[in-house]
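Enquirer: Pasted the sequence and its predicted model underneath.
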Amino acid sequence: MKIYFAGSIRGGRDDRELYKEIVKKLEPFGTVVTEHIANEKLSSYGETHMTNEEIFSRDVAWLSGSDVVVAEVTTPSLGVGYEVATAEFLGKKTLCLYREQEGKRLSAMLSGNPKLTVEVYKSVDDLDKIFKEFFRKF
């Protein structure tokens, strides 16, 4: 199974360590084609060795070729939102992960969309159960 993992890059890299743990927890379920999202050397400038057009083309190809999409949506990101919408358009099963934060709420465009699976979690340890349940369907 090919898993497309989406997490914020240019929207902010504060959750980089979390992304690394999420990728590790996803690996038993399949190949994470976007494991570079967790790379500690990747800054909020993104992949500077590629043009924006190259990144777009590659990522859309990866999205198209993936079986499922898992998006960490706690850090607001235009790119992640675009990826989630594209996944929905392509008919991909999509899991959105939102870590509860005091004084913040997840966008209704995600939490109110019946075509997405949205799971709220408090810590990385909660993800084992969430992933087992989500991937049980495949």
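Expert: Yep, it's here.
Enquirer: Quick one: residues contacting residue 32.
Expert: Residues near residue 32 by C-beta atoms under 8 Å, 6 or more residues apart in numbering: 3, 5, 23, 26. Every residue, glycine included, has its C-beta placed from N, CA and C.
Enquirer: mind exporting the biggest helix by length in the chain as PDB, just the C-alpha atoms?
Expert: Secondary structure of the chain per DSSP state H: the longest helix is helix 52-65. Coordinates of each C-alpha in helix 52-65 appear next as PDB, following Å, rounded to 0.1, in the frame of the first residue of the first chain:
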ATOM      1  CA  ASN A  52       7.800  25.000  -7.600                       C
ATOM      2  CA  GLU A  53       6.600  23.400 -10.800                       C
ATOM      3  CA  GLU A  54       8.700  20.300 -10.300                       C
ATOM      4  CA  ILE A  55       7.500  20.000  -6.700                       C
ATOM      5  CA  PHE A  56       3.800  20.400  -7.800                       C
ATOM      6  CA  SER A  57       4.100  17.800 -10.600                       C
ATOM      7  CA  ARG A  58       5.900  15.300  -8.500                       C
ATOM      8  CA  ASP A  59       3.500  15.700  -5.600                       C
ATOM      9  CA  VAL A  60       0.400  15.400  -7.700                       C
ATOM     10  CA  ALA A  61       1.900  12.200  -9.300                       C
ATOM     11  CA  TRP A  62       2.500  10.800  -5.800                       C
ATOM     12  CA  LEU A  63      -1.000  11.700  -4.700                       C
ATOM     13  CA  SER A  64      -2.500  10.100  -7.800                       C
ATOM     14  CA  GLY A  65      -0.400   6.900  -7.300                       C
END
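Enquirer: Whichever helix or strand comes after that helix pairs with which strands?
Expert: Next in sequence after helix 52-65, counting helices and strands by DSSP states H and E, comes strand 68-72. Partner strands and pairing direction for strand 68-72 (DSSP bridges) are strand 2-6 (parallel), strand 93-99 (parallel).
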